[in-house]
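Enquirer: Predicted model and sequence below, questions to follow.
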Amino acid sequence: MPTHSPTQSLIEADRKHLIHPVVSYRAHEARGVTILESARGAFLRDKAGNEVLDAFSGLWCVNVGYGQDSIVRAATEQMTRLPYATGYFHFGSEPAIELAAKLVELAPASLQHVYFTLGGSDAVDSALRFITHYFNATGRPSKKHIIALERGYHGSSSVGSGLTALPAFHRNFDVPLATQHHIPSPYAYRNDYTDDQALIAASVAALEAKVAALGADNVAAFFCEPVQGSGGVIVPPAGWLKAMRDACRKLDILFVADEVITGFGRTGPLFACQAQAEQVEPDLMTVAKGLTAGYAPMGAVLMSDAIYQGIADGADASAVIGHGHTYSAHPVSAAIGLEVMRLYHEGGLLANGIAQAPRFAQGLDALLAHPLVGESRHRGLLGALELVSDKDSKRGFDASLKLSERIATAAYNHRLVFRAFNDNILGFAPALCYTAAEFDMLFERLTKTLDDVLDQADVRAALGRPRVAKHAAAA
């Protein structure tokens, strides 16, 4: 009888038993899993021995790169000393307390308290629970409605998925809820505003109109990502975030910055709220991903003192606040988080990310000359290319072409991984440890990927014009 190799046996076991996030289950069964075996720096290695340049930091999260030995040592030492400590019953652990204090020290000044979660989705879910509790406890129980952005992503929890404004996260899940609403995304490429100020004014007006329609006494908060991630890396103009924060103050609603993707150096400063053009102080901020750089699960809600005091005092200051997780403030994750913070600052990774951002921007912008590319957008080491079949009309490609699947396959053939979204957008989030040589490699391989897809007859036909010569590798 034929016998399966160890790798083939794993692939079959995956098909039978392991449920993967955000895929068609049948498509995954047909395709089979790509098993990753090891990683170092900016490179992944799969079970077949292919070494692949990771231009997406895992899932927007491995900001420090793979194989940082000091993180492994920190985790090992903490596991040896105290592998678990509950935060219930007034217990705590040293690394969790130190990490909370460090985050408050580094975050916008409005944020004075930290609740630790397992990741971004339950950070958003926790923030929503805290907001509900706060308004109930402070005698404003009608404030239940939440406003977010079209194309926004706020996780896939039972409630947060309704704030997310992507169809796959709503389909068959009975969300959004009746209390969840969306206003237009600050998506400059797909609008015709005369300038950045007009776009900002339109966003503010949309928020004001939605609050007026719902009634200010009924609206609790506005959630937004400083740069929209899974919605296609939508980069709003400088000053947009500050304008929305100022509007929330005037409207007497809470402003929640979802920095799960943008936090920890991804856009330049430690937090996107701290950008020079913004200097925003949120009422609440959600973080995850770069908090531990993906080395262990952890997220957090950072909370203003006003919200904390409102919840703490409430109608009965002696009552238990019934929200918690078994693994909140996990000591091993917290120890990892502390070492990751050290690498960002003392280890020079934040500085390297800022230094390399112009090279990243140059490489993306150079690809505007490619026949498939309609727009390049970026902030820090977060960026995207939007592919179009006609640059003048900005017409995309028909979904039947399955362009994202073709791009992802061609990229892997050229030993490169990034995010190929279903709406003809390519997302990039290289690690903060990237060198100039690795950026050269990224854009060389990306150009070859785009050329390979352009060579496919039905893609060329969709362009509606004669074949254009291959684009030379970006400098």
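Expert: Sure, I can see it. Residues are numbered from 1 along each chain as shown.

Enquirer: rest of the way, CA atoms for contacts and neighbours
Expert: OK.

Enquirer: Dump the C-alpha coordinates for stretch 312-324 into PDB.
Expert: Taking Å, rounded to 0.1, in the frame of the first residue of the first chain, the C-alpha atoms of stretch 312-324 are listed here in PDB:
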ATOM      1  CA  ALA A 312     -15.300  52.300  39.300                       C
ATOM      2  CA  ASP A 313     -17.700  54.600  41.200                       C
ATOM      3  CA  GLY A 314     -20.900  53.700  39.300                       C
ATOM      4  CA  ALA A 315     -24.200  53.200  41.300                       C
ATOM      5  CA  ASP A 316     -22.400  50.900  43.800                       C
ATOM      6  CA  ALA A 317     -18.700  51.400  44.100                       C
ATOM      7  CA  SER A 318     -18.400  48.100  46.000                       C
ATOM      8  CA  ALA A 319     -19.900  46.000  43.200                       C
ATOM      9  CA  VAL A 320     -17.800  43.700  41.100                       C
ATOM     10  CA  ILE A 321     -17.200  44.800  37.500                       C
ATOM     11  CA  GLY A 322     -18.200  41.500  35.700                       C
ATOM     12  CA  HIS A 323     -15.700  41.500  32.900                       C
ATOM     13  CA  GLY A 324     -12.600  39.300  32.700                       C
END
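
Enquirer: how far out from the middle of the chain is that stretch?
Expert: 32 Å (Cα atoms, centre = their mean, to the nearest Å).

Enquirer: Could I get the average pLDDT for that stretch?
Expert: Across stretch 312-324, pLDDT averages out at 91.

Enquirer: all helices of the stretch 51-200 of the chain, in order?
Expert: Along the stretch 51-200 of the chain, counting by DSSP state H, counting those that start in this stretch, helices occupy 57-60, 69-81, 94-106, 120-137, 160-163, 167-170, 196-214.

Enquirer: any idea which of these is most buried?
Expert: Comparing the helices of the stretch 51-200 of the chain by mean neighbour count (mean count of other Cα atoms under 10 Å), helix 160-163 comes out on top with a mean of 27.

Enquirer: How much space separates residue 416 from residue 454?
Expert: Distance, residue 416 to residue 454, using Cα to Cα, to the nearest Å: 17 Å.

Enquirer: who's in contact with the strand or helix carrying residue 409?
Expert: Here residue 409 sits within helix 403-413, counting by DSSP states H and E. With Cα atoms under 8 Å, 6 or more residues apart in numbering as the test, helix 403-413 has contacts from 52, 397, 417-425, 445-446, 449-450, 452-453.

Enquirer: how distant is that helix from the center of its chain?
Expert: 21 Å.

Enquirer: Show me how far the helix or strand following that helix is from its chain's centre.
Expert: Counting by DSSP H and E, the next helix or strand C-terminal to helix 403-413 is strand 416-417. In terms of Cα atoms, centre = their mean, the centre of strand 416-417 is set 18 Å apart from its chain centre.

Enquirer: what does strand 416-417 rub up against?
Expert: 52-56, 408, 411, 442, 445-446.

Enquirer: Which member of these is positioned nearest residue 279?
Expert: Nearest to residue 279 among those is residue 56, at 26.9 Å by Cα to Cα.

Enquirer: burial measure for that closest one, as a count.
Expert: 23 (other Cα atoms under 10 Å).

Enquirer: cool, and the one 10 residues further on?
Expert: By the other Cα under 10 Å criterion, the neighbourhood of residue 66 contains 23 residues.

Enquirer: contacting residues for it?
Expert: Taking Cα under 8 Å, 6+ apart, one finds 39-43 in contact with residue 66.

Enquirer: Among those residues, which lie within strands?
Expert: Judged by DSSP state E, the subset of these located in strands is 39-40, 43.

Enquirer: Just the buried subset of those, please.
Expert: Among the ones in strands among the contacts of residue 66, those buried by neighbour count (16 or more other Cα atoms under 10 Å) are 39, 43.

Enquirer: Quick check: of the ones in strands among the contacts of residue 66, which lies closest to residue 152?
Expert: Taking the ones in strands among the contacts of residue 66 together and measuring to residue 152 by Cα to Cα, the closest member is residue 43, at 29.3 Å.

Enquirer: Could you find the closest non-adjacent residue to that closest one?
Expert: In this structure, residue 43 finds its nearest non-sequential neighbour in residue 53, 4.6 Å apart by Cα to Cα, 6 or more residues apart in numbering.

Enquirer: and that neighbour, what are its bridge partners?
Expert: Note on residue 53: beta-bridge partners by DSSP bridges are residue 43, residue 416.

Enquirer: what number of residues lie near it?
Expert: Residues lying near residue 53 (other Cα under 10 Å) number 26.

Enquirer: Enumerate every residue touching it.
Expert: Contacts here follow Cα under 8 Å, 6+ apart; on that basis residue 53 touches 42-44, 415-417, 442.

Enquirer: So which residues make contact with stretch 307-325?
Expert: Residues from elsewhere that reach stretch 307-325 (Cα under 8 Å, 6+ apart): 113, 117, 126, 129-130, 133-134, 137-138, 283.

Enquirer: redo that, cut-off 10 Å
Expert: Contacts of stretch 307-325 from elsewhere in the structure, counted by Cα atoms under 10 Å, 6 or more residues apart in numbering, are 86-88, 111-118, 122, 126, 129-139, 254, 283-284, 305-306.

Enquirer: Give the buried residues for that stretch.
Expert: 307-308, 310-312, 314.

Enquirer: From those residues, which land in helices?
Expert: Within the buried residues of stretch 307-325, residues falling in helices by DSSP state H are 307-308, 310-312.

Enquirer: what helices or strands is the host helix or strand of residue 461 leaning on?
Expert: According to DSSP H and E, residue 461 maps onto helix 457-463. Here helix 457-463 touches helix 436-454, going by 3 or more Cα pairs under 10 Å, 6 or more residues apart in numbering; DSSP states H and E.

Enquirer: tell me the average confidence for the helix it packs on?
Expert: Mean predicted lDDT for helix 436-454 stands at 98.

Enquirer: Let me know the angle separating it from helix 403-413.
Expert: Helix 436-454 and helix 403-413 are oriented at 130 degrees to each other (axes from the mean of the first three to the mean of the last three Cα atoms, to 10 degrees).

Enquirer: For helix 436-454, which residues meet the burial criterion?
Expert: 438-454.

Enquirer: Cheers, nothing more for now.
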